[in-house]
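> Okay, here's the prediction I keep looking at, along with the sequence it came from:
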Amino acid sequence: MTSHPCDPYDAVLVLSFGGPERPEDVLPFLRQVTAGRGIPDERLAVVGQHYYDRGGRSPVNDLGRALVAALHDELGRLGVDLPVALGNRNWSPWLVDTLRTLHDAGARRVVTVVTSAFSSYSSCRQYRENLADAVSELAAEGRVLDVDKVRVYATHPGFARTMASLTADTAAALPREVLPSTRLVHVTHSIPQWMQDSSGPADAPDVSYRHQHEQLAALVDGTVEERIGVPVPSSLAYCSRSGPPSQPWLEPDINDQLEVLAAEGVSDVLVAPIGFVSDHMEVVYDLDTEAMATAERLGLRLHRVPTVGTHPDFVAGLADLVLERAAQSRGEEVERPAVAPGPLWSTCPPGCCRGRSGRPALCGG
Ligand SMILES: CC1=C(CCC(=O)O)c2cc3nc(cc4[nH]c(cc5[nH]c(cc1n2)c(C)c5CCC(=O)O)c(CCC(=O)O)c4C)C(CCC(=O)O)=C3C
Ligand SMILES: [Fe+2]
(Lines give C-alpha, C1' and ligand atoms only; values in the text may rest on other atoms or scores of the structure.)
(Ligands and ions follow the chains in the order given, each with its own letter.)
Protein backbone atom coordinates (compact mmCIF):
# COMPACT_ATOMS: atom_id res chain seq x y z
CA MET A 1 0.00 0.00 0.00
CA THR A 2 1.36 3.42 -0.89
CA SER A 3 1.03 6.14 1.69
CA HIS A 4 -0.12 9.65 0.90
CA PRO A 5 0.16 12.91 2.88
CA CYS A 6 -3.48 12.61 3.94
CA ASP A 7 -3.14 9.15 5.55
CA PRO A 8 -5.05 7.85 7.52
CA TYR A 9 -7.99 9.66 5.93
CA ASP A 10 -9.74 8.40 2.85
CA ALA A 11 -12.22 11.26 2.35
CA VAL A 12 -12.66 14.96 3.09
CA LEU A 13 -16.01 16.36 4.24
CA VAL A 14 -16.88 20.04 3.84
CA LEU A 15 -19.54 20.59 6.50
CA SER A 16 -21.75 23.63 5.98
CA PHE A 17 -24.96 25.32 7.07
CA GLY A 18 -27.03 24.65 3.95
CA GLY A 19 -29.86 26.64 2.44
CA PRO A 20 -32.98 26.30 0.29
CA GLU A 21 -32.71 26.01 -3.50
CA ARG A 22 -36.38 26.43 -4.50
CA PRO A 23 -39.26 28.52 -3.14
CA GLU A 24 -40.96 25.35 -1.79
CA ASP A 25 -37.84 24.67 0.29
CA VAL A 26 -37.85 28.00 2.12
CA LEU A 27 -40.35 27.32 4.90
CA PRO A 28 -39.21 23.76 5.68
CA PHE A 29 -35.62 25.07 5.77
CA LEU A 30 -36.51 27.85 8.20
CA ARG A 31 -38.40 25.38 10.42
CA GLN A 32 -35.39 23.08 10.40
CA VAL A 33 -32.99 25.89 11.40
CA THR A 34 -35.13 27.31 14.16
CA ALA A 35 -36.79 24.20 15.66
CA GLY A 36 -37.01 24.79 19.40
CA ARG A 37 -35.02 28.04 19.27
CA GLY A 38 -37.75 30.53 20.18
CA ILE A 39 -37.30 32.65 17.05
CA PRO A 40 -40.40 34.89 16.66
CA ASP A 41 -42.72 34.17 13.68
CA GLU A 42 -42.38 37.78 12.48
CA ARG A 43 -38.63 37.30 12.16
CA LEU A 44 -39.14 34.09 10.16
CA ALA A 45 -41.54 35.86 7.77
CA VAL A 46 -38.98 38.62 7.21
CA VAL A 47 -36.10 36.20 6.63
CA GLY A 48 -38.27 34.01 4.37
CA GLN A 49 -38.90 37.07 2.21
CA HIS A 50 -35.14 37.58 1.73
CA TYR A 51 -35.08 34.12 0.12
CA TYR A 52 -38.28 34.60 -1.94
CA ASP A 53 -36.88 37.93 -3.22
CA ARG A 54 -34.00 35.89 -4.67
CA GLY A 55 -36.16 33.24 -6.33
CA GLY A 56 -36.24 31.00 -3.25
CA ARG A 57 -32.61 30.07 -3.82
CA SER A 58 -29.89 30.57 -1.25
CA PRO A 59 -26.38 31.13 -2.59
CA VAL A 60 -24.87 28.99 0.16
CA ASN A 61 -24.99 25.49 -1.40
CA ASP A 62 -23.44 26.67 -4.67
CA LEU A 63 -20.71 28.38 -2.66
CA GLY A 64 -20.14 25.15 -0.74
CA ARG A 65 -19.86 23.20 -3.99
CA ALA A 66 -17.38 25.74 -5.36
CA LEU A 67 -15.26 25.38 -2.23
CA VAL A 68 -15.38 21.58 -2.53
CA ALA A 69 -14.12 21.77 -6.13
CA ALA A 70 -11.34 24.22 -5.22
CA LEU A 71 -10.20 22.16 -2.22
CA HIS A 72 -10.24 18.98 -4.30
CA ASP A 73 -8.03 20.63 -6.94
CA GLU A 74 -5.65 22.04 -4.34
CA LEU A 75 -5.27 18.68 -2.58
CA GLY A 76 -4.71 17.10 -6.00
CA ARG A 77 -1.81 19.51 -6.60
CA LEU A 78 -0.35 18.25 -3.31
CA GLY A 79 -0.60 14.66 -4.48
CA VAL A 80 -3.74 13.80 -2.54
CA ASP A 81 -6.42 12.23 -4.68
CA LEU A 82 -9.32 11.78 -2.27
CA PRO A 83 -13.05 12.39 -2.58
CA VAL A 84 -14.09 15.80 -1.21
CA ALA A 85 -17.82 16.15 -0.55
CA LEU A 86 -20.32 18.68 0.77
CA GLY A 87 -22.66 17.82 3.65
CA ASN A 88 -25.06 20.28 5.29
CA ARG A 89 -26.58 20.71 8.72
CA ASN A 90 -29.87 22.18 7.57
CA TRP A 91 -30.59 21.17 3.99
CA SER A 92 -29.76 18.86 1.14
CA PRO A 93 -27.13 17.57 0.55
CA TRP A 94 -27.73 16.41 4.13
CA LEU A 95 -24.67 15.51 6.19
CA VAL A 96 -25.85 11.96 6.89
CA ASP A 97 -26.51 11.26 3.19
CA THR A 98 -23.09 12.57 2.19
CA LEU A 99 -21.34 10.42 4.80
CA ARG A 100 -23.37 7.38 3.69
CA THR A 101 -22.33 7.94 0.08
CA LEU A 102 -18.69 8.30 1.11
CA HIS A 103 -18.91 5.09 3.17
CA ASP A 104 -20.51 3.20 0.29
CA ALA A 105 -17.62 4.33 -1.91
CA GLY A 106 -15.18 2.82 0.58
CA ALA A 107 -14.37 5.63 2.99
CA ARG A 108 -13.81 4.67 6.65
CA ARG A 109 -11.91 7.68 8.09
CA VAL A 110 -13.09 11.16 7.21
CA VAL A 111 -11.54 14.54 7.98
CA THR A 112 -13.94 17.49 8.21
CA VAL A 113 -13.59 21.16 7.32
CA VAL A 114 -16.41 23.32 8.71
CA THR A 115 -17.32 26.45 6.71
CA SER A 116 -17.04 28.62 9.80
CA ALA A 117 -13.77 29.79 11.31
CA PHE A 118 -14.80 30.62 14.89
CA SER A 119 -15.55 29.02 18.25
CA SER A 120 -19.15 29.11 19.56
CA TYR A 121 -22.08 26.74 19.90
CA SER A 122 -23.56 27.76 16.50
CA SER A 123 -20.29 27.93 14.61
CA CYS A 124 -18.45 24.92 16.06
CA ARG A 125 -20.05 22.68 18.65
CA GLN A 126 -23.43 22.34 16.92
CA TYR A 127 -21.59 20.99 13.85
CA ARG A 128 -19.84 18.48 16.14
CA GLU A 129 -23.25 17.41 17.46
CA ASN A 130 -24.50 17.03 13.88
CA LEU A 131 -21.50 14.76 13.19
CA ALA A 132 -22.30 12.65 16.26
CA ASP A 133 -25.94 12.27 15.17
CA ALA A 134 -25.00 11.33 11.61
CA VAL A 135 -22.29 8.85 12.60
CA SER A 136 -24.59 7.09 15.08
CA GLU A 137 -27.41 6.90 12.53
CA LEU A 138 -24.99 5.30 10.07
CA ALA A 139 -23.64 2.92 12.73
CA ALA A 140 -27.21 1.70 13.25
CA GLU A 141 -27.23 0.85 9.54
CA GLY A 142 -23.99 -1.08 9.94
CA ARG A 143 -21.87 1.63 8.34
CA VAL A 144 -19.01 2.44 10.69
CA LEU A 145 -17.14 5.70 10.15
CA ASP A 146 -14.46 7.53 12.11
CA VAL A 147 -14.78 11.30 11.72
CA ASP A 148 -12.28 13.99 12.77
CA LYS A 149 -12.14 17.69 12.03
CA VAL A 150 -9.50 20.35 11.48
CA ARG A 151 -8.99 22.97 14.19
CA VAL A 152 -10.91 26.21 14.43
CA TYR A 153 -9.12 28.47 11.94
CA ALA A 154 -9.99 32.05 12.92
CA THR A 155 -6.30 32.80 13.39
CA HIS A 156 -4.84 30.37 10.85
CA PRO A 157 -2.76 32.38 8.33
CA GLY A 158 -4.65 30.99 5.31
CA PHE A 159 -7.90 32.53 6.45
CA ALA A 160 -6.66 35.49 8.51
CA ARG A 161 -4.02 36.84 6.12
CA THR A 162 -6.32 36.41 3.12
CA MET A 163 -9.07 38.41 4.84
CA ALA A 164 -6.48 41.04 5.81
CA SER A 165 -5.07 41.39 2.32
CA LEU A 166 -8.54 41.58 0.71
CA THR A 167 -9.36 44.41 3.11
CA ALA A 168 -6.08 46.17 2.35
CA ASP A 169 -6.82 45.87 -1.39
CA THR A 170 -10.21 47.53 -0.89
CA ALA A 171 -8.66 50.30 1.22
CA ALA A 172 -5.89 50.87 -1.33
CA ALA A 173 -8.50 51.43 -4.07
CA LEU A 174 -10.02 54.43 -2.24
CA PRO A 175 -9.05 57.93 -3.38
CA ARG A 176 -6.38 59.23 -0.95
CA GLU A 177 -8.37 62.35 -0.13
CA VAL A 178 -11.23 60.42 1.50
CA LEU A 179 -8.96 58.47 3.86
CA PRO A 180 -9.16 60.98 6.75
CA SER A 181 -12.95 60.56 6.81
CA THR A 182 -12.94 56.78 6.23
CA ARG A 183 -13.71 54.16 8.88
CA LEU A 184 -13.35 50.38 8.80
CA VAL A 185 -16.14 48.25 10.26
CA HIS A 186 -15.49 44.54 10.80
CA VAL A 187 -18.73 42.57 10.66
CA THR A 188 -19.74 39.17 11.89
CA HIS A 189 -22.91 37.22 12.71
CA SER A 190 -24.44 38.26 16.02
CA ILE A 191 -25.04 35.48 18.55
CA PRO A 192 -26.95 35.46 21.84
CA GLN A 193 -24.94 36.70 24.84
CA TRP A 194 -25.21 33.25 26.52
CA MET A 195 -23.57 31.72 23.42
CA GLN A 196 -20.73 34.27 23.60
CA ASP A 197 -20.27 33.52 27.30
CA SER A 198 -20.08 29.76 26.70
CA SER A 199 -17.83 29.98 23.63
CA GLY A 200 -14.44 28.25 23.98
CA PRO A 201 -13.48 26.12 27.00
CA ALA A 202 -14.74 27.21 30.42
CA ASP A 203 -11.18 27.59 31.77
CA ALA A 204 -9.87 29.67 28.83
CA PRO A 205 -11.60 33.06 29.00
CA ASP A 206 -9.26 34.33 26.26
CA VAL A 207 -10.76 31.95 23.71
CA SER A 208 -14.18 33.23 22.77
CA TYR A 209 -16.18 34.07 19.70
CA ARG A 210 -15.83 37.83 20.18
CA HIS A 211 -12.17 37.62 21.22
CA GLN A 212 -11.27 35.68 18.06
CA HIS A 213 -12.92 38.38 15.97
CA GLU A 214 -11.01 41.07 17.86
CA GLN A 215 -7.74 39.24 17.19
CA LEU A 216 -8.52 38.93 13.50
CA ALA A 217 -9.67 42.56 13.31
CA ALA A 218 -6.35 43.69 14.83
CA LEU A 219 -4.42 41.77 12.16
CA VAL A 220 -6.60 43.27 9.42
CA ASP A 221 -6.13 46.80 10.81
CA GLY A 222 -2.36 46.36 10.88
CA THR A 223 -2.28 45.04 7.33
CA VAL A 224 -4.37 47.96 6.07
CA GLU A 225 -2.07 50.49 7.75
CA GLU A 226 1.01 48.80 6.32
CA ARG A 227 -0.47 48.85 2.83
CA ILE A 228 -1.77 52.43 2.67
CA GLY A 229 0.60 54.08 5.12
CA VAL A 230 -2.02 55.48 7.48
CA PRO A 231 -4.23 53.79 10.06
CA VAL A 232 -7.97 53.56 9.42
CA PRO A 233 -9.90 53.67 12.72
CA SER A 234 -12.00 50.54 13.08
CA SER A 235 -14.74 48.90 15.11
CA LEU A 236 -16.51 45.53 15.32
CA ALA A 237 -20.23 45.31 14.51
CA TYR A 238 -22.76 42.52 14.06
CA CYS A 239 -25.49 41.51 11.67
CA SER A 240 -28.32 38.99 11.37
CA ARG A 241 -29.61 39.20 14.92
CA SER A 242 -32.71 37.05 15.36
CA GLY A 243 -34.12 35.87 18.73
CA PRO A 244 -36.74 37.75 20.77
CA PRO A 245 -35.91 41.40 21.62
CA SER A 246 -35.86 40.47 25.33
CA GLN A 247 -32.83 38.22 24.77
CA PRO A 248 -29.45 39.99 24.70
CA TRP A 249 -27.38 39.42 21.53
CA LEU A 250 -23.96 40.84 20.62
CA GLU A 251 -24.13 44.51 19.55
CA PRO A 252 -23.85 47.03 17.96
CA ASP A 253 -25.81 46.12 14.86
CA ILE A 254 -24.07 47.25 11.65
CA ASN A 255 -26.96 49.59 10.79
CA ASP A 256 -26.75 51.34 14.19
CA GLN A 257 -23.00 51.59 13.79
CA LEU A 258 -23.47 53.32 10.43
CA GLU A 259 -25.78 55.87 12.13
CA VAL A 260 -23.06 56.62 14.68
CA LEU A 261 -20.39 57.04 11.99
CA ALA A 262 -22.60 59.30 9.86
CA ALA A 263 -23.24 61.52 12.90
CA GLU A 264 -19.44 61.79 13.34
CA GLY A 265 -19.04 63.14 9.82
CA VAL A 266 -17.57 60.03 8.24
CA SER A 267 -17.80 59.90 4.41
CA ASP A 268 -16.68 56.34 3.53
CA VAL A 269 -17.04 53.03 5.32
CA LEU A 270 -15.11 49.88 4.51
CA VAL A 271 -17.17 46.88 5.57
CA ALA A 272 -15.02 43.80 6.15
CA PRO A 273 -17.15 40.64 6.60
CA ILE A 274 -14.50 38.93 8.73
CA GLY A 275 -17.01 36.56 10.32
CA PHE A 276 -18.01 34.88 7.04
CA VAL A 277 -16.17 32.71 4.55
CA SER A 278 -18.43 33.31 1.54
CA ASP A 279 -21.14 35.54 0.07
CA HIS A 280 -24.14 33.68 1.49
CA MET A 281 -27.44 35.28 2.46
CA GLU A 282 -26.13 37.14 5.52
CA VAL A 283 -23.67 38.91 3.25
CA VAL A 284 -25.83 39.52 0.17
CA TYR A 285 -28.88 40.57 2.17
CA ASP A 286 -27.76 41.91 5.56
CA LEU A 287 -24.70 43.73 4.21
CA ASP A 288 -25.12 44.30 0.45
CA THR A 289 -28.84 45.07 0.60
CA GLU A 290 -29.88 46.29 4.05
CA ALA A 291 -26.67 47.95 5.30
CA MET A 292 -26.11 49.40 1.81
CA ALA A 293 -29.60 50.99 1.93
CA THR A 294 -28.89 52.38 5.40
CA ALA A 295 -25.62 53.87 4.15
CA GLU A 296 -27.34 55.46 1.16
CA ARG A 297 -30.00 57.01 3.39
CA LEU A 298 -27.25 58.43 5.62
CA GLY A 299 -25.17 59.72 2.71
CA LEU A 300 -22.29 57.32 3.45
CA ARG A 301 -20.31 55.53 0.74
CA LEU A 302 -20.07 51.87 1.69
CA HIS A 303 -17.27 49.71 0.27
CA ARG A 304 -17.76 46.02 0.95
CA VAL A 305 -14.63 43.90 1.17
CA PRO A 306 -14.94 40.49 -0.58
CA THR A 307 -15.22 37.34 1.51
CA VAL A 308 -12.41 34.77 1.22
CA GLY A 309 -14.65 32.47 -0.87
CA THR A 310 -12.41 30.28 -3.05
CA HIS A 311 -9.40 32.63 -2.90
CA PRO A 312 -6.37 30.42 -3.66
CA ASP A 313 -4.57 31.44 -0.45
CA PHE A 314 -7.61 30.56 1.66
CA VAL A 315 -8.08 27.23 -0.09
CA ALA A 316 -4.35 26.47 0.27
CA GLY A 317 -4.72 27.20 3.99
CA LEU A 318 -7.59 24.72 4.28
CA ALA A 319 -5.52 22.09 2.49
CA ASP A 320 -2.67 22.77 4.96
CA LEU A 321 -5.11 22.30 7.84
CA VAL A 322 -6.26 18.96 6.40
CA LEU A 323 -2.66 17.76 6.06
CA GLU A 324 -1.81 19.06 9.54
CA ARG A 325 -4.72 17.06 10.96
CA ALA A 326 -3.62 13.97 9.07
CA ALA A 327 -0.04 14.27 10.36
CA GLN A 328 -1.38 14.66 13.87
CA SER A 329 -3.49 11.50 13.43
CA ARG A 330 -0.35 9.65 12.36
CA GLY A 331 1.24 10.69 15.67
CA GLU A 332 3.70 13.14 14.12
CA GLU A 333 4.78 16.40 15.72
CA VAL A 334 2.96 19.14 13.85
CA GLU A 335 3.57 22.83 13.55
CA ARG A 336 0.40 24.82 14.15
CA PRO A 337 0.80 28.17 12.43
CA ALA A 338 -1.34 30.99 13.81
CA VAL A 339 -1.32 34.79 13.58
CA ALA A 340 -2.35 35.16 17.24
CA PRO A 341 -2.71 32.95 20.29
CA GLY A 342 -5.89 30.90 20.15
CA PRO A 343 -7.48 27.47 19.99
CA LEU A 344 -4.88 25.23 18.39
CA TRP A 345 -6.58 21.98 19.32
CA SER A 346 -8.38 19.82 16.80
CA THR A 347 -10.13 17.76 19.46
CA CYS A 348 -12.03 20.29 21.52
CA PRO A 349 -11.63 20.18 25.32
CA PRO A 350 -14.63 18.88 27.28
CA GLY A 351 -17.28 21.56 27.69
CA CYS A 352 -15.88 23.66 24.82
CA CYS A 353 -18.68 25.88 23.39
CA ARG A 354 -21.22 23.95 25.42
CA GLY A 355 -24.80 24.43 24.35
CA ARG A 356 -27.87 24.06 26.49
CA SER A 357 -28.62 20.46 25.65
CA GLY A 358 -25.55 18.46 26.63
CA ARG A 359 -25.98 16.37 23.49
CA PRO A 360 -23.16 14.10 22.31
CA ALA A 361 -20.57 15.71 20.03
CA LEU A 362 -17.69 14.24 18.01
CA CYS A 363 -14.13 15.61 17.72
CA GLY A 364 -13.87 16.30 21.45
CA GLY A 365 -11.19 15.20 23.89
C1 LIG B 1 -22.72 32.12 14.23
C2 LIG B 1 -23.63 31.89 13.06
C3 LIG B 1 -23.25 31.69 11.73
C4 LIG B 1 -21.85 31.69 11.16
C5 LIG B 1 -21.24 30.33 11.25
C6 LIG B 1 -21.77 29.33 10.23
O7 LIG B 1 -21.71 29.62 9.03
O8 LIG B 1 -22.25 28.28 10.66
C9 LIG B 1 -24.44 31.47 10.98
C10 LIG B 1 -24.47 31.20 9.60
C11 LIG B 1 -25.61 31.09 8.79
N12 LIG B 1 -26.90 31.29 9.17
C13 LIG B 1 -27.71 31.07 8.10
C14 LIG B 1 -29.11 31.17 8.10
C15 LIG B 1 -29.90 31.33 9.24
N16 LIG B 1 -29.48 31.45 10.55
C17 LIG B 1 -30.56 31.59 11.39
C18 LIG B 1 -30.54 31.71 12.78
C19 LIG B 1 -29.39 31.80 13.60
N20 LIG B 1 -28.06 31.87 13.17
C21 LIG B 1 -27.24 31.91 14.28
C22 LIG B 1 -25.85 31.97 14.25
C23 LIG B 1 -25.06 31.81 13.10
N24 LIG B 1 -25.51 31.56 11.82
C25 LIG B 1 -28.07 31.90 15.44
C26 LIG B 1 -27.56 31.92 16.86
C27 LIG B 1 -29.39 31.84 15.02
C28 LIG B 1 -30.63 31.75 15.88
C29 LIG B 1 -31.20 30.36 15.90
C30 LIG B 1 -30.22 29.39 16.54
O31 LIG B 1 -29.94 29.51 17.74
O32 LIG B 1 -29.72 28.51 15.79
C33 LIG B 1 -31.74 31.54 10.58
C34 LIG B 1 -33.17 31.59 11.11
C35 LIG B 1 -33.80 32.88 10.78
C36 LIG B 1 -33.12 34.04 11.49
O37 LIG B 1 -33.39 34.19 12.65
O38 LIG B 1 -32.30 34.70 10.84
C39 LIG B 1 -31.32 31.40 9.25
C40 LIG B 1 -32.20 31.33 8.02
C41 LIG B 1 -26.90 30.70 6.96
C42 LIG B 1 -27.41 30.33 5.55
C43 LIG B 1 -27.37 31.55 4.69
C44 LIG B 1 -27.84 31.30 3.30
O45 LIG B 1 -28.90 30.68 3.09
O46 LIG B 1 -27.13 31.73 2.37
C47 LIG B 1 -25.60 30.72 7.40
C48 LIG B 1 -24.36 30.40 6.61
FE1 LIG C 1 -27.47 31.95 11.12
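Nice, thanks for sending it over. Everything numeric in this text was worked out from a predicted model, so none of it was measured. Ligands and ions are numbered 1, 2, ... in the order given.
> Which residue does the stretch 201-350 of the chain have closest to ligand 1?
Minimum separation of the stretch 201-350 of the chain from ligand 1 (CB to the nearest ligand atom) falls at Ser242, amounting to 2.5 Å. Backbone N, C-alpha and C define where each C-beta goes, glycine included.
> Show me where the protein dips below the pLDDT cut-off.
Within the chain, the stretches with pLDDT under 70 are 1-2.
> Close to ligand 1: what parts of the stretch 1-150 of the chain are there?
Residues of the stretch 1-150 of the chain lying near ligand 1 by CB under 6 Å from any ligand atom: 17, 19, 30, 33-34, 37, 39, 43, 47, 58-60, 115-116, 120, 122-123.
> Please spell out the ChimeraX selection for the buried subset of the residues you listed.
This is the ChimeraX syntax for the buried subset of these, where burial follows 16 or more other CB atoms under 10 Å:
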select :17,19,30,33,34,39,43,47,58,59,60,115,116,120,122,123
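> who's in contact with the host helix or strand of Gly48?
Assessed by DSSP states H and E, Gly48 sits inside helix 41-52. For helix 41-52, contacts defined as CB atoms under 8 Å, 6 or more residues apart in numbering pick out 19-20, 23, 26-27, 29-30, 34, 57-58, 242-243, 281, 285, 289.
> got the buried residues for that helix?
Residues of helix 41-52 classed as buried: 43-44, 47-48, 50-51 (neighbour count, 16+ other CB under 10 Å).
> Over to stretch 336-347?
With burial defined by 16+ other CB under 10 Å, the residues of stretch 336-347 counted as buried are 338-339, 342-343, 345-346.
> what's the answer for stretch 179-192, then?
179, 182-192.
> One more: stretch 125-142?
125-135, 138.
> Give the helix, strand or coil label for the closest residue to Tyr9 other than its chain neighbours.
Setting aside the residues directly before and after it, Tyr9 is nearest to Val111 in space (CB to CB, 6 or more residues apart in numbering), at 4.4 Å. Under DSSP: H, G, I helix; E, B strand; the rest coil, Val111 falls in the strand class.
> who touches Val111 in this structure?
Residues near Val111 by CB under 8 Å, 6+ apart: 6, 9, 11-13, 147-150, 322, 325-326.
> which ones are touching Gln193?
Residues near Gln193 by CB under 8 Å, 6+ apart: 247-250.
> Over to Arg354?
Contacts of Arg354 (CB under 8 Å, 6+ apart): 121, 125, 198, 202.
> On the three-state scheme, it is what?
coil.
> measure it to ligand 1 for me?
From Arg354 across to ligand 1, the span is 14 Å (CB to the nearest ligand atom, to the nearest Å).
> now the residue of the stretch 201-350 of the chain closest to ligand 1, what's its secondary structure?
Per three-state DSSP, Ser242 ends up coil.
> neighbours of it, just the number please.
The burial count assigned to Ser242 is 20, neighbours taken as other CB atoms under 10 Å.
> got the contact list for it?
Listed by CB under 8 Å, 6+ apart, the contact set of Ser242 reads 34, 39, 43, 47.
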